[in-house]
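S.K.: Build me a structure from this.
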Amino acid sequence: MKIRSLKKLALIILAVLAVTSMCCVTALAGDLTPPADVPTTGAPNTPAVGETVAEMVKGLFSGTNLALLGVALAVALPCMGSAKGVGIVGEAATGLLSEQPGLFGKAFPLLALPMTQGVYGLVASFLMLMALGLFGNPDNLMNLTFAQGGYFVMAALPIALAGYLSAIRQGRVAATGINLIGKRPGSLGQAITTAALVETYAIFSLLITIMLVFLCPFSVL
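M.R.: Numbers count the residues shown, from 1 in each chain. I've put the predicted structure just below:
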């Protein structure tokens, strides 16, 4: 399971790097456009093929779209981790409740703990959208350069990666806590404490992401 999770995370990182590489190519796409003094073939007022391709690529992989990719990563990865963490705890809780239905009230806090990383990612994404000027009037969405869009991706990475990994780890610790309260119902506090310690690092990562967003020199916050 550990190797499989690492493979999934590696694929996600590679996908982000691939998109970033395409954006790097876009930043240089203007070089594809022929100079104004070079005659082009075709009908008058018809844009050259290189110019058309450059404009299409620029429109798709712009700095603003790169920043929106950071917003998506900030919420998608923690939510994926939370979903997997809750699933791990849910499997353990279902087995416990099949034998001791009266322990649902004690199992629920452990089941809910891995959900918090998804909430952190949602908060971070909302703050980033506010920094981009999307709320209120969509016409206020900032037109960012490639470097500025990359800044938002870097700002999203702390909560995106730490939120994803910590939610899964917290789910596994909480699942062992389910087994603990099944044998010792009075140990709920100990089970919650051990699982909550894993979440500390997601909180640290969220703070760094928030600081990067609020200290961004070109945001509208």
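
S.K.: And this protein, what are its domain boundaries?
M.R.: 1-61, 62-221 (automatic domain parsing).

S.K.: what's the weakest-modelled helix or strand in this structure?
M.R.: helix 49-60 (a mean of 53; mean pLDDT, DSSP states H and E).

S.K.: what's the next secondary structure element after that one?
M.R.: Per DSSP states H and E, the first helix or strand lying C-terminal to helix 49-60 is helix 63-99.

S.K.: tell me which residues of the very next helix or strand once past that next one are tucked away?
M.R.: Per DSSP H and E, the first helix or strand lying C-terminal to helix 63-99 is helix 104-112. Within helix 104-112, the residues that count as buried by 16 or more other Cβ atoms under 10 Å are 106-107, 109-111. (Glycine included, C-beta is placed from N, CA and C.)

S.K.: what's around Pro185, how many residues?
M.R.: Residues contacting Pro185 under the criterion other Cβ atoms under 10 Å number 12.

S.K.: so who does it touch?
M.R.: For Pro185, the contacting residues are 103, 106, by Cβ atoms under 8 Å, 6 or more residues apart in numbering.

S.K.: quick one: it from Pro101, how far?
M.R.: Separation of Pro185 from Pro101 (Cβ to Cβ, to the nearest Å): 13 Å.

S.K.: hey, least reliable of the domains of the chain by pLDDT?
M.R.: Note on the domains of the chain: lowest mean pLDDT is at domain 1-61, with a mean of 56.

S.K.: Name the residues of the strand or helix carrying Thr176 that are buried.
M.R.: In this assignment (DSSP H and E), Thr176 forms part of helix 146-183. By 16+ other Cβ under 10 Å, the buried positions in helix 146-183 come out as 146, 148-153, 155-175, 177-178, 180-182.

S.K.: Now do it and helix 104-112, the angle between them.
M.R.: Interaxial angle, helix 146-183 versus helix 104-112 (axes from the mean of the first three to the mean of the last three Cα atoms, to 10 degrees): 160 degrees.
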